[in-house]
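# predicted model, plus sequence, below.
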Amino acid sequence: MQIAVGAVGILKKGPEAELVAAYRWRFDGLGRQLGFKAIRVAEIDPAKSLPRGQRQTREADQLLAPISREATIIVLDEGGKPITSKDLADMLAKFRDEGVSETWFLIGGADGHGPAIRNLVQSGKAKPMAFGSATWPHMLVRAMLCEQLYRALTILGNHPYHRE
């Protein structure tokens, strides 16, 4: 199963980029053994010059553009359902075992997700997920997501990285 991250913002060199790269590398090694392909990342430039509503609309449209109709979509949003690492591992295993070909995790920009993505959540075609009730910078969320994806694999593979 392909795991993909769609994110508003271009990650520049720095600690967040180093964390993302490290966890993507770790995921790749363990993922192949467990039936997962390397984490794919699709970044889009934030439409900073547009007014907020237009910016959200354009960003949402660009995030959704590379996603196939058959893909499962998880929307990272502070209003989403908080999920434990074990829950994430179980969810990924379920998707893999059901034959889902790709799962996308979408990270919005500074103003949140646009109407097209909010409509997918409201219609049940996308699942909202949160890293707790706090608001996190989207660049940090990307690093946290990659770590949690790697952690999920360690849970599935009975690797000692995750301890409960």
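That came through, no problem.
# residue closest to the middle of the protein?
For the chain, the residue nearest the mean C-alpha position is residue 105 (2.7 Å; CA atoms, centre = their mean).
# C-terminal to the host helix or strand of that one, what's the next element?
Here residue 105 sits within strand 102-107, counting by DSSP states H and E. Sequence order places helix 115-122 as the next helix or strand after strand 102-107, per DSSP H and E.
# run through the neighbouring helices and strands of that following helix.
Helix 115-122 is packed against helix 52-64, strand 72-82, strand 126-130, with contacts defined by 3 or more CB pairs under 8 Å, 6 or more residues apart in numbering; DSSP states H and E. For every residue, glycine as well, the C-beta is placed using N, CA and C.
# need these in CSV (columns: distance to residue 146, mean pLDDT and mean neighbour count).
Below are those laid out as CSV (distance: least, CB to CB, whole Å; pLDDT from 0 to 100; neighbours: other CB atoms under 10 Å):
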stretch, distance to residue 146, mean pLDDT, mean neighbour count
helix 52-64, 17, 93, 19
strand 72-82, 12, 91, 18
strand 126-130, 14, 94, 20
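# can you put those in CSV and add distance to residue 153?
Formatted as CSV, the helices and strands packed on helix 115-122 follow (distance: least, CB to CB, whole Å):
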stretch, distance to residue 153
helix 52-64, 24
strand 72-82, 16
strand 126-130, 17
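# closest to residue 163 out of those?
Among the helices and strands packed on helix 115-122, strand 72-82 comes nearest to residue 163, with 19.8 Å by CB to CB.
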